[in-house]
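K.L.:
The sequence isn't on hand, but the structure is:
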Ligand SMILES: NC(=O)c1ncn([C@@H]2O[C@H](COP(=O)(O)O)[C@@H](O)[C@H]2O)c1NC=O
């Protein structure tokens, strides 16, 4: 393919990061620079030779910038088919534009501001920018389009190495980025307007936070060897701008490639361990915690979490809320087969220890920050379900003691710990806890009483004493049988949402057994 050097560029950027250096490097390669108002002013101030688009087209920017680049001399220059449209270009005094550098008005940050007025949002809908971006991306055979400042240096480097030209592969890849950019931009606008539709029609109505259509963009992080099973192909997509420490933003330091199930389980383990302020460890197997504990150190927490269910911990995913240290790393690799370890960070010595097991995936996710108010998305056949992420937190002040007996100080501590774990156990969830360590976890049973049985069986199998433990139930007890069974197993206190039509009967059962019971008023179903 013929190599055509870039001779003329149009720079029109809202976010001006890096644009001066980029323009200077273009000028050094004898590229003529056209630019719009604010961008042109900045470049000129920096001593870069620039032609204002309005001078170039002979038409001023009008309507407060609503129309500045929307002109045949600009769009003809971008869209012209080289080798076909020369005559029409000459007839209309249109010169080719080989490089377009544009980023768009900040619609997202504008509407994110509290109390953003509709007029502000509307004025921040970029029209000329996307029009140039799409035109250049369409004509990527001959035109280079750059929408991300992070691409400036590689474009310059390539031009320097290729006599001022970019390769077709680069232009194609940049064109994809351009369409991704405009798709994301329009998706954002559609979501914003779609969510405010009821309020727009009837200003007294609250806006609906779920828009008329749901437009969201996820970027492929990696192809996966297979999905949940080996006959299913799969890939991992992440939110482009995610900042919260998560499995999606985590960095893998070593180990085999993550599998589909590894990612899902690591997410469950990490999100659960984030609940605790004290050094904590969560071991997950098949999306459920099979051991959770806190301790004076993460080593103590790990040792205690492991005790809950060593059988299930085999091949598990282990998450910590503190830096992984050498001793804890040593303890894990000498004791058990582990698929994934994730922590905010890891010491060099800990990394060296894990490297003796090259298959173990070690991930660091950075320090935990405030949870982003994202939505959960769940797929059903032919649709998706959206809901707020479950960020309900319960403190002692939220609890309502419903029994005659008040929980003791120790029971209270264990009840709150137990509740945090139950939130991450698949429903029906029953969790037994003693001294801030899980004693038995009953997950995913179709009846609550069976989850309680499973928790008891697991504890017994691992020779853990249920007597003196507390119990959490992710949803209310529909009958007193769950309480009777808990008391028979030696449970002394219960935390549950309450709200059953048989609450009176359930409370009476707890009183009969001298149990302390608290209601949270909040349910934590997890499917
Ligand atoms: N109206 C137009 O013809 C037009 N052409 C380019 N823009 C945008 O104007 C911004 C740059 O403006 P300035 O160089 O004046 O700071 C860029 O975000 C670009 O996408 C336009 N603005 C909005 O549509």
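P.N.:
Alright, I've got the coordinates. Computed from a prediction, not measured in an experiment: that's the story for all the values here. Numbers count the residues shown, from 1 in each chain.

K.L.:
just for the protein, where's the confidence low?
P.N.:
The chain contains residues with pLDDT under 70 at 1-2, 200-206.

K.L.:
same thing but at 90, please
P.N.:
1-4, 61, 64-65, 68, 112, 114-119, 193-212, 240-243, 369-375, 449 (pLDDT under 90).

K.L.:
who touches stretch 191-201?
P.N.:
The contact list for stretch 191-201, computed with C-beta atoms under 8 Å, 6 or more residues apart in numbering, reads 107, 111, 118, 121, 205-215. In this view, the C-beta of every residue, glycine as well, is placed from N, C-alpha and C.

K.L.:
which one of those sits closest to the ligand?
P.N.:
residue 107 (10.2 Å; C-beta to the nearest ligand atom).

K.L.:
picking that back up, what's the most distant pair in the contacts of stretch 191-201?
P.N.:
Pairwise distances across these (C-beta to C-beta) peak at 23.5 Å, for the pair 107 and 205.

K.L.:
Looking at these two, which has the bigger crowd around it?
P.N.:
Set side by side, residue 107 and residue 205 show more neighbours around residue 107, with 21 against 12, by other C-beta atoms under 10 Å.

K.L.:
show me the contacts for that one.
P.N.:
Residue 107 touches 121, 124-126, 185, 188-189, 192, counting by C-beta under 8 Å, 6+ apart.

K.L.:
Residue 320 now?
P.N.:
Contacts of residue 320 (C-beta under 8 Å, 6+ apart): 273, 279-281, 298, 301-302, 328, 341-344.

K.L.:
before we move on, what about residue 395?
P.N.:
Here residue 395 is in contact with residue 416 (C-beta under 8 Å, 6+ apart).

K.L.:
All further residue positions should be reported with the first residue as 43.
P.N.:
Let's use 43 as the start, then, which means that last one is residue 437.

K.L.:
Now do the phi/psi pair for it.
P.N.:
Phi and psi for residue 437, reported as degrees, to the nearest 10, are phi -120, psi 170.

K.L.:
Can you give me the distance of it to residue 561?
P.N.:
Relative to residue 561, residue 437 is positioned 14 Å away (C-beta to C-beta, to the nearest Å).

K.L.:
which parts of this structure sit against the ligand?
P.N.:
By C-beta under 6 Å from any ligand atom, the part of the chain that sits against the ligand consists of 54-56, 78-81, 107-112, 144-147, 168-171.

K.L.:
And stretch 113-121, what's buried?
P.N.:
113, 115-121 (16 or more other C-beta atoms under 10 Å).

K.L.:
got the contact list for it?
P.N.:
50, 52, 76, 95, 98-101, 111, 127, 130-131, 134-139, 142, 173-174, 177-178, 180-181, 185.

K.L.:
returning to what we had before: narrow the contacts of residue 149 to those in helices?
P.N.:
Judged by DSSP state H, the contacts of residue 149 include 163, 227, 230-231, 234 as members of helices.

K.L.:
what's the farthest-apart pair in these?
P.N.:
The most distant members of these, if one measures by C-beta to C-beta, are 163 and 227, lying 13.0 Å apart.

K.L.:
just the helices in the stretch 393-542 of the chain please.
P.N.:
For the stretch 393-542 of the chain, applying DSSP state H, counting those that start in this stretch gives helices covering 451-464, 490-503, 523-531.

K.L.:
deepest of the ones you listed, which one?
P.N.:
helix 451-464 (a mean of 22; mean count of other C-beta atoms under 10 Å).

K.L.:
Give me the helices and strands touching it, please.
P.N.:
Under the contact criterion of 3 or more C-beta pairs under 8 Å, 6 or more residues apart in numbering; DSSP states H and E, helix 451-464 touches strand 330-336, strand 472-476, strand 479-484, strand 512-515, strand 535-538.

K.L.:
Save the ones you listed as CSV, and put in mean neighbour count and distance to residue 220 too.
P.N.:
Putting those into CSV (neighbours: other C-beta atoms under 10 Å; distance: least, C-beta to C-beta, whole Å) gives the following:
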stretch, mean neighbour count, distance to residue 220
strand 330-336, 27, 43
strand 472-476, 30, 50
strand 479-484, 28, 49
strand 512-515, 30, 51
strand 535-538, 29, 53
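
K.L.:
okay, these in a markdown table with distance to residue 240 next?
P.N.:
What follows is the helices and strands packed on helix 451-464, written out as a markdown table (distance: least, C-beta to C-beta, whole Å):
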| stretch | distance to residue 240 |
| --- | --- |
| strand 330-336 | 39 |
| strand 472-476 | 41 |
| strand 479-484 | 43 |
| strand 512-515 | 37 |
| strand 535-538 | 36 |
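
K.L.:
Filter the contacts of residue 362 down to the buried ones and hand me the PyMOL line.
P.N.:
Buried members of these, defined by 16+ other C-beta under 10 Å, are picked up in PyMOL with:
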select buried, resi 315+321+322+323+340+343+344+370+383+384+385+386
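
K.L.:
Which of the contacts of residue 362 fall within strands?
P.N.:
322-323, 383-385 (DSSP state E).

K.L.:
what sits against the closest residue to residue 69 other than its chain neighbours?
P.N.:
For residue 69, the nearest residue in space outside its immediate sequence neighbours is residue 90; the separation is 5.6 Å by C-beta to C-beta, 6 or more residues apart in numbering. Applying C-beta under 8 Å, 6+ apart to residue 90 gives the contacts 62, 65-66, 69, 75.

K.L.:
Just among these, which is most surrounded?
P.N.:
In the contacts of residue 90, the most neighbours by other C-beta under 10 Å go to residue 65, 26 neighbours.

K.L.:
distance of it from residue 202?
P.N.:
15 Å.

K.L.:
and the contacts of stretch 113-121, which are buried?
P.N.:
50, 52, 76, 95, 98-99, 101, 111, 131, 136-139, 142, 173-174, 177-178, 181, 185.

K.L.:
Where strands are concerned, which of the residues you listed count?
P.N.:
Per DSSP E, the subset of the buried ones among the contacts of stretch 113-121 in strands is 50, 52, 76, 142.

K.L.:
So which residues of the stretch 243-392 of the chain form strands?
P.N.:
In the stretch 243-392 of the chain, the strands defined using DSSP state E, counting those that start in this stretch lie at 260-266, 276-281, 293-296, 322-327, 330-336, 358-362, 380-385.

K.L.:
so which of these comes closest to residue 550?
P.N.:
strand 330-336 (31.3 Å).

K.L.:
Can you name every helix or strand that the closest one contacts?
P.N.:
Using 3+ C-beta pairs under 8 Å, 6+ apart, strand 330-336 is in contact with helix 302-315, strand 322-327, helix 340-350, helix 352-355, helix 451-464, strand 479-484.

K.L.:
of all these, which lies closest to residue 208?
P.N.:
Judging the helices and strands packed on strand 330-336 by C-beta to C-beta, what sits closest to residue 208 is helix 302-315, at 35.3 Å.
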